[in-house]
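[1] Take a look and give me a structure for this.
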Amino acid sequence: MMPLRILGLFLLMILLCDADSTCPAESNPLILDPPEIIVEYNKSVTVNCTSSDVNDYGMYWKFRNKNSEVEEDFDFIPTEIISDWNVKAQCKIIIMMQHNTSDYNECSKDLEITVYKNPDDVFLFPINHVRATVEGTQYDLQCDVINVAPVQNLTVRWYKDNEIIEIHSFTNTTKTPESESSLLAIVTKRGDNGARFRCEAQLDFGPHGPQCPAISSAELTVNVHYAPEFMNKTGTDDVYVREGDNVTLNCEAEGNPPPVFHWTGGEVNTREGTGNLFINRVDTDTTYDCAAINDLGNITKQIHVHVEKTIIAMTIPEASPPIVQMADCELTLTPAEIVVRFGDPVSVNCSTSATDIQVMGWEATLGGTHREENVTHVTWSVDKLEDWAVTPMCYVTVPYKQCTLVPNITLYKTPDIVSVSASKDGPMAEGTEHQLKCDIINVAPANVKVKWYRGNETVFTQTINESSVTPANVSSTWSVTPEKDHNGAHFRCEVELDLGPNGPEAIPTATSAPYIAVVHYKPLIQGCPKHYAGLENQFSIDDVFCQSDGNPPPTLHWYNQGTLINTSEPLKRTNSGEYTVEAVNSLGTSKASVDITIEYSPSFTCNDHYDVEENGAPDCKPEGIPAPNITWFKDGIKIVSPLHLTRHDSGKYLLTATNKHGRANHTLYINVLCAPVFKDSDYNMTVIIAMGENVTFACSAEGNPSPEIAWTYKPAVNVLEDTWGRQKNISITKATSTNIGVYSCTATNKVGSVRRFITTTMKDKTSKVASHLWIVILLLICGFILIIILMIYFTSKRNVRRYNFIPDRSNEGFNIPMSTKSAGYHD
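    The predicted structure follows:
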């Protein structure tokens, strides 16, 4: 009974197709779960269609305009691969209106389907293809999103230095993949110089739809040119310096391209690459002009140098002798300047050349001496110097004055800790700026030089000038834009204490432990061949060696004409073409193309019969890769290839095609077609006829296929045409002056045609009389000659002549020779 029931269901479907019954929306029992789907192209989808009506007679799906089989169960779940951009699906149910009746109704519910495809790639470029722009001008960028669907769900986000600056959406309702462009117009400022722009494309189906990946373009760095601007905004600077001291004037300015500085003033007129001007031993007030110049402008500022004269003042109190420091003293310190490591011993000798010494000694918080008399030198010494504020002073008292002198002591200490850390946790990203920090803990003095190293290469140097003489914590920051080669690189910083010329010969240094960089970078496909050949039904894409590099390690996908393929499936000859391999990781995608040729053994698809024109060859070529070597045989004899067939080469041939994968044979018959030819090489001629003479012209030719012969001439009543086999003749009876002219014979077949001309002229009476007179003269000269001339004369008087174009050797073809068949007169 089951087959009869199914048959009844199909008959019922046919009847319902023609029915006008409708299904009210409020009574539609169908429920779709989910009610709408968003599916990636070429991916499978499953939808559950259920009914709340127990009287249904069956359910089925209409998909791609095809009906599925009717199901009696309440649930029906089809699984389909969506490979149609305009796919439609409809769930239908057949309902009995009343139990045990023949009244039926059909309800349906449409499934809303959105088919999507992520972009193949995203490209960013300046519209005018320039990477440098001038401050204040408009700079236009274009972001091309390649092969995405549907466009109306596409969102393009524009980034400047990883901050979103604009978001673009689209209204194109096309369902099939399209390429779209988004434009960004910016008016550049000098602050935009070095800014990194990129665009990011992503399909957005809302919070409940699939979360598609964002495809980002490569970054584009903008180079903004602008006029110079002084770092110090004032138009003039005042610099104060002691007489005889050296001074460095600063005229720092920023510009792009970097400005050149022109200094004038005093005896200076120079052009420098930097904004610093060193002046040795200043002794007079001078004004200097500094001009900063680049291609976009120039600015000028003045620097006034004021010299302070050195004045030594002496106060003579009533109760004590004057105290004079340095200038008028006869004290000598050995050494006058000293650099001491914290905790090391130190000693300084103070001596004088004075002879009237009253008192001499050292004043210090430690290591000082008592007042001593009648000595010319005293020594200050400390076994372990650990006082950062120590300032020992040597003094000497002579009549009416006292002199003092303080040594220049630098107490130093190398840092307790030097370490490198990153400003952000986690790996670095190639091309994205990161900051590394070198922390220097408990160093004195804090004026240090920090050198940054990548491996053993110095990559950055920074000088830190802190005024503190007690231990301090300082740090150096280096901005690095990592490259993929930096993955695993060792970064470290080294600290040098800048202690001047009096410091220890071995400069005190301290080095951090290495910071090992982890750099994530986009994939790069390497070693992929541009061309590859494999044997049909044996070769698969897995046999192609393509190596990829990236961090995180990328995965490889192969595509042919935009479709993801199974790399282990053997390929056929129709699968030859360009294949694309994509290496994908979280940072991006790398692509490479491989032209794959599927090789196979020779085969023929030629006809068995060919009509070929003379000097040609049949269009019979074997298929096969590599291209097969072809050998021709006729009557079992190998012949030279390529063929240049002549009219005598018609016949049966054997072709043999061979390549490294096999061999194939094919037999065919060649019929050589040739254009008509006249056998007589003298195609054109002139014939002199006499008045009243009878003349016949014959015309024949050979060719394949046999040519048609046609005469062209001026019609006359005494001219007739007749045909003998493949020869066509013209006969002129009793020629008159109307028969003078050109007679043209044309031979034609489908290959070509040839033509020859016969020109007829009439013999005049004057020439005939002259010839008779010469004959008489010749008769008088020689009797023997007279007899011959008389024979020629009587022979030429015959009135009938006949010309024939038939060749003497008929077995040699149908060319057109001409010969006289009558004994008439002929010049």
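[2] what bridges to the most centrally placed residue in the chain?
    For the chain, Phe123 is the residue whose C-alpha lies nearest the centre (C-alpha atoms, centre = their mean; 10.0 Å). Taking DSSP bridges, one obtains Asp144 as the residues bridged to Phe123.
[3] List the residues that contact it.
    143-144, 146, 217-218 (C-beta atoms under 8 Å, 6 or more residues apart in numbering). Every residue, glycine included, has its C-beta placed from N, CA and C.
[4] Include pLDDT when you put those into JSON lines, please.
    JSON lines is the format used below for the contacts of Phe123 (pLDDT from 0 to 100):
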{"residue": "Cys143", "pLDDT": "92"}
{"residue": "Asp144", "pLDDT": "92"}
{"residue": "Ile146", "pLDDT": "91"}
{"residue": "Ser217", "pLDDT": "92"}
{"residue": "Ala218", "pLDDT": "90"}
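[5] filter those residues to the buried ones?
    143-144, 217 (16 or more other C-beta atoms under 10 Å).
[6] I'd like these as CSV, with distance to Leu779 appended.
    CSV is the format used below for these (distance: C-beta to C-beta, whole Å):
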residue, distance to Leu779
Cys143, 112
Asp144, 107
Ser217, 113
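[7] Can you pull out the low-pLDDT segments for the stretch 701-827 of the chain?
    Residue ranges of the stretch 701-827 of the chain with pLDDT under 70: 764-778, 793, 795-827.
[8] what do you get for the stretch 1-150 of the chain?
    For the stretch 1-150 of the chain, the ranges with pLDDT under 70 are 1-22, 24-26, 53-57, 64-80, 96-104, 129-131.
[9] mind pulling up the phi and psi values for the spatially closest residue to Glu721 that is not a sequence neighbour?
    Computed as C-beta to C-beta, 6 or more residues apart in numbering, the closest residue to Glu721 that is not its neighbour in sequence is Ile730, at 5.7 Å. In terms of degrees, to the nearest 10, the main-chain angles of Ile730 are phi -120, psi 130.
[10] Dig out what Ile730 forms beta bridges with.
    With DSSP bridges as the rule, Ile730 is bridged to Phe697, Glu721.
[11] thought it was touching Ser744?
    No: judged on C-beta atoms under 8 Å, Ile730 makes no contact with Ser744 at a distance of 10.5 Å.
[12] Please enumerate the shared neighbours of the two.
    With C-beta under 8 Å, 6+ apart as the test, Ile730 and Ser744 both reach 711, 713.
[13] can you pull out the strands in the stretch 401-550 of the chain?
    401-405, 408-412, 417-422, 428-429, 434-443, 448-454, 457-464, 472-480, 490-497, 509-511, 515-516, 519-526, 531-535, 547-551 (DSSP state E, counting those that start in this stretch).
[14] buried residues in the fifth one?
    Just to be clear, that refers to strand 434-443. 434, 436, 438-440, 443.
[15] That strand to strand 408-412, inter-axis angle?
    Relative orientation of strand 434-443 versus strand 408-412 (axes from the mean of the first three to the mean of the last three C-alpha atoms, to 10 degrees): 120 degrees.
[16] Take strand 434-443, keep the C-alpha atoms, and write them as PDB.
    The C-alpha coordinates for strand 434-443 follow below in PDB (Å, rounded to 0.1, in the frame of the first residue of the first chain):
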ATOM      1  CA  HIS A 434      56.500  49.400  19.700                       C
ATOM      2  CA  GLN A 435      58.400  51.000  22.600                       C
ATOM      3  CA  LEU A 436      61.100  49.400  24.600                       C
ATOM      4  CA  LYS A 437      62.100  50.900  27.900                       C
ATOM      5  CA  CYS A 438      65.500  50.600  29.600                       C
ATOM      6  CA  ASP A 439      65.200  51.200  33.300                       C
ATOM      7  CA  ILE A 440      68.400  52.300  35.100                       C
ATOM      8  CA  ILE A 441      68.100  52.000  38.900                       C
ATOM      9  CA  ASN A 442      70.200  53.900  41.400                       C
ATOM     10  CA  VAL A 443      72.900  55.500  39.300                       C
END
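[17] That one vs strand 448-454, what angle?
    Using the same axes, to 10 degrees: strand 434-443 against strand 448-454 is 140 degrees.
[18] Without its sequence neighbours, what residue ends up closest to Pro150?
    Lys175 (5.4 Å).
[19] Burial check on that neighbour, number of neighbours?
    By other C-beta atoms under 10 Å, 18 other residues sit near Lys175.
[20] Does it belong to a helix, a strand or coil?
    coil (DSSP: H, G, I helix; E, B strand; the rest coil).
[21] Now that it has come up, it's in contact with Lys88, right?
    No: counting by C-beta under 8 Å, Lys175 does not reach Lys88; the two are 11.4 Å apart.
[22] who are the neighbours in contact with the nearest residue to Asn223 once chain neighbours are set aside?
    Closest residue to Asn223 apart from its sequence neighbours, by C-beta to C-beta, 6+ apart: Ala132 at 4.3 Å. Contacts for Ala132 (C-beta under 8 Å, 6+ apart) come out as 223-225.
[23] Spell out, range by range, the helices that occur in the chain.
    2-17, 765-781, 783-796 (DSSP state H).
[24] now, the most widely separated pair of the contacts of Phe123?
    The span of the contacts of Phe123, defined through C-beta to C-beta, is set by Ile146 and Ala218 at 13.6 Å.
[25] Now do the same contact list for Asp120.
    146-148, 562.
[26] cutoff 7 Å now
    146-147 (C-beta atoms under 7 Å, 6 or more residues apart in numbering).
[27] what's the answer for the one 4 residues further on, then?
    Leu124 is in contact with 141, 143, 197-199, 217-218, 220, counting by C-beta under 7 Å, 6+ apart.
[28] Which residue is the nearest non-sequential neighbour of it?
    Ser217 (3.8 Å).
[29] Could you verify my assumption that the one you found touches Ala201?
    No: when contacts are counted by C-beta atoms under 7 Å, Ser217 is not listed as touching Ala201 (8.1 Å).
[30] Common neighbours of these two, please.
    Val122.
[31] What about the closest residue to Ser44 other than its chain neighbours, how many residues nearby?
    Of all residues not flanking Ser44 in the chain, Ile81 sits nearest, at 5.0 Å (C-beta to C-beta, 6+ apart). Using other C-beta under 10 Å, Ile81 has 11 neighbouring residues.
[32] was I right about Ile81 contacting Glu40?
    No: Ile81 lies out of contact with Glu40 (C-beta under 7 Å); the separation is 10.7 Å.
[33] picking up where we left off before, looking at Ile730 and Ser744, which is more packed in?
    Each of Ile730 and Ser744 has its neighbours counted (other C-beta under 10 Å); Ile730 has more, 20 against 16.
[34] can you pull the contacts of the more buried one?
    Per C-beta under 7 Å, 6+ apart, neighbours of Ile730: 697, 711, 713, 719, 721, 743.
[35] among the residues you listed, who's most crowded?
    Top of the contacts of Ile730 by neighbour count (other C-beta under 10 Å): Phe697, with 25 neighbours.
[36] ranges for the strands of the stretch 1-150 of the chain?
    Under DSSP E, counting those that start in this stretch, the stretch 1-150 of the chain gives strands at 30-33, 36-40, 44-46, 48-51, 56-63, 66-67, 79-81, 89-96, 104-116, 121-126, 132-134, 138-148.
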